[in-house]
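A.B. asks: No letters, just coordinates:
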């Protein structure tokens, strides 16, 4: 029932905290949001249930879960039989890319988001990539996001038609790219995000409780502390409790 | 059993003529070839059977078929309930992108190929994209291929590590990009490709016979005629027979 002139966006929603804040911000900007989640065989599949709740509660006009079994490739502790590392295994080693890196994941996910955007007439693609607390993932850097945007416009029918008029069809937005985890949490708090719906842990228990010791849990927990916002997460352990 | 120094390549193999010639050329160059096919819900699924035969006969060291159901997005006559157009419906209209365009398909497929390449230690990704008889698909243009190569190196762990040494991790090869269909067929003929294994039709009969009237069939048939090579394809109709 949206107005014809409403700008449409595809928002990649993982079920995590960052993408929930992106969706809330896009909704606050008045965008019609088509959410996309990828069931890629991730160890932390519980996040897909979280993604569905988040998309629904934040007023997405659509939520598509695409199955793409990246276990066929392996190469990551999130998709293969490789243990998830604890955060403290490489403290301060910011140039080390951990085993939780999934080969070319954001390249693949953004490509799928652009394909989805083209079929829905969406001109914006939103991703919660973050270059500050980014664990050294190369596909969270602004240089990658910028290069991808140019490539996406060359790759598509919509991009080719827009180029004929000296325009571009797709903008890739990574609104969190320069924010710290604490800043992201404060932004989400102001936008009214219910963080209890979001899921960050790479290695949850079968009922979805967070491990408390993987890098993602530690970044999350520290972010809430630094933001001065109550952390609603149920952690089964806390870092340092058993080391 | 390959020598450690053998260069590894990922070759996107669709089951069609162009990618079979790419694989034959890569094998003739001595590359160890990891083939990747995507089961994306395409109408012409028969091509996946062809892809498996081609990979096996041409000596691929691996063939992975990844399932990615692009019907969740739709927007193409290859993945949605939209009729496949006949070639003659837009004769000579080279700037019209037909309904067989699958949104951002080569962007998605190349991204998956790079992800696969990174897990296999492959430094080359080969795609049979062709800008001459390319039906107006934007993702077959050299400008897209070049932009994608740069993006892929920024997107990956291997690319980040190579950049530290002033190198790049991945080269995207589109060896057919400037060839006509007849030139591709002559190249394949010289390399001994058994074209009867390859499948081009967008709208085959259930037992895999080619329709003879879609754009892909017409390009193929004309290419064989222009190359002076016998066309082994079984067409159920020929263009003009019933118009």
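C.D. replies: Yes, it's here. In this text, all values refer to a predicted model and were calculated from it rather than measured experimentally.

A.B. asks: longest strand of chain A?
C.D. replies: strand A:32-39 (DSSP state E).

A.B. asks: could you give the mean pLDDT of it?
C.D. replies: Averaged over strand A:32-39, pLDDT sits at 96.

A.B. asks: Could you do stretch A:129-137 as well?
C.D. replies: 72.

A.B. asks: Would you report the backbone torsion angles of residue A:128?
C.D. replies: phi -90, psi 30 (degrees, to the nearest 10).

A.B. asks: Find the residue closest to it in space, skipping its chain neighbours.
C.D. replies: Ranked by Cβ to Cβ, 6 or more residues apart in numbering or on different chains and with sequence neighbours excluded, the top spatial neighbour of residue A:128 is residue A:18, at 3.4 Å. C-beta coordinates here come from the backbone N, C-alpha and C atoms, glycine included.

A.B. asks: Model confidence score at the closest residue to residue A:39 other than its chain neighbours, please.
C.D. replies: Sequence neighbours aside, residue A:67 is the residue nearest to residue A:39 in space, at 4.7 Å (criterion: Cβ to Cβ, 6+ apart). We have a pLDDT of 91 for residue A:67.

A.B. asks: partners of the host helix or strand of residue A:67 in the sheet?
C.D. replies: Residue A:67 is part of strand A:62-67 when elements are defined by DSSP states H and E. Strand A:62-67 has its sheet partners listed here by DSSP bridges as strand A:32-39 (parallel).

A.B. asks: Now do the strand it pairs with: everything it contacts.
C.D. replies: Under the criterion Cβ atoms under 8 Å, 6 or more residues apart in numbering or on different chains, residues A:2, A:6-15, A:23, A:26-27, A:45, A:48, A:51-52, A:55, A:58-68, A:108-109, A:112-113, A:116-117, A:120, A:122 lie in contact with strand A:32-39.

A.B. asks: Just the buried ones among the residues you listed, please.
C.D. replies: Buried by 16 or more other Cβ atoms under 10 Å in any protein chain shown: A:8-15, A:23, A:26-27, A:48, A:51-52, A:55, A:58, A:60, A:63-64, A:66, A:68, A:108-109, A:112-113, A:116-117, A:120, A:122, out of the contacts of strand A:32-39.

A.B. asks: ok so residue A:26 is a helix residue?
C.D. replies: Yes - residue state for residue A:26 (DSSP: H, G, I helix; E, B strand; the rest coil) corresponds to a helix.

A.B. asks: hang on, isn't it packed against residue A:126?
C.D. replies: Yes - Residue A:26 lies in contact with residue A:126 (Cβ atoms under 8 Å); the separation is 5.6 Å.

A.B. asks: quick one, what contacts the residue nearest to residue A:39?
C.D. replies: Counting by Cβ under 8 Å, 6+ apart, residue A:67 has contacts A:38, A:39, B:67, B:68, B:69.

A.B. asks: One more: residue A:144?
C.D. replies: A:106, A:107, A:138, B:151, B:154, B:155.

A.B. asks: Could you list the low-pLDDT ranges of chain A?
C.D. replies: Within chain A, the segments meeting pLDDT under 70 span A:1-4, A:77-78, A:82, A:84, A:87-97, A:133-136, A:239-243.

A.B. asks: Going by residue numbers, what spans are strands in chain A?
C.D. replies: Here chain A has its strands, by DSSP E, at A:8-12, A:32-39, A:62-67, A:124-126, A:171-173.

A.B. asks: Kindly reformat these as a markdown table containing distance to residue A:198.
C.D. replies: As requested, those are exported to a markdown table (distance: least, Cβ to Cβ, whole Å):
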| stretch | distance to residue A:198 |
| --- | --- |
| strand A:8-12 | 14 |
| strand A:32-39 | 13 |
| strand A:62-67 | 15 |
| strand A:124-126 | 16 |
| strand A:171-173 | 19 |
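
A.B. asks: Relative to residue A:205, which of the ones you listed is closest?
C.D. replies: Closest to residue A:205 of the strands of chain A is strand A:32-39 (Cβ to Cβ; 19.6 Å).

A.B. asks: between that closest one and strand A:8-12, how big is the angle?
C.D. replies: 30 degrees (axes from the mean of the first three to the mean of the last three Cα atoms, to 10 degrees).

A.B. asks: And strand A:32-39, how far out from the chain middle?
C.D. replies: 11 Å (Cα atoms, centre = their mean, to the nearest Å).

A.B. asks: got the buried residues for that strand?
C.D. replies: A:32, A:33, A:34, A:35, A:36, A:37, A:38.

A.B. asks: Quick one: the residues you listed as TSV, columns for distance to residue B:202 too.
C.D. replies: TSV is the format used below for those (distance: Cβ to Cβ, whole Å):
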residue	distance to residue B:202
A:32	33
A:33	33
A:34	27
A:35	31
A:36	26
A:37	30
A:38	27
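
A.B. asks: Much appreciated, bye for now.
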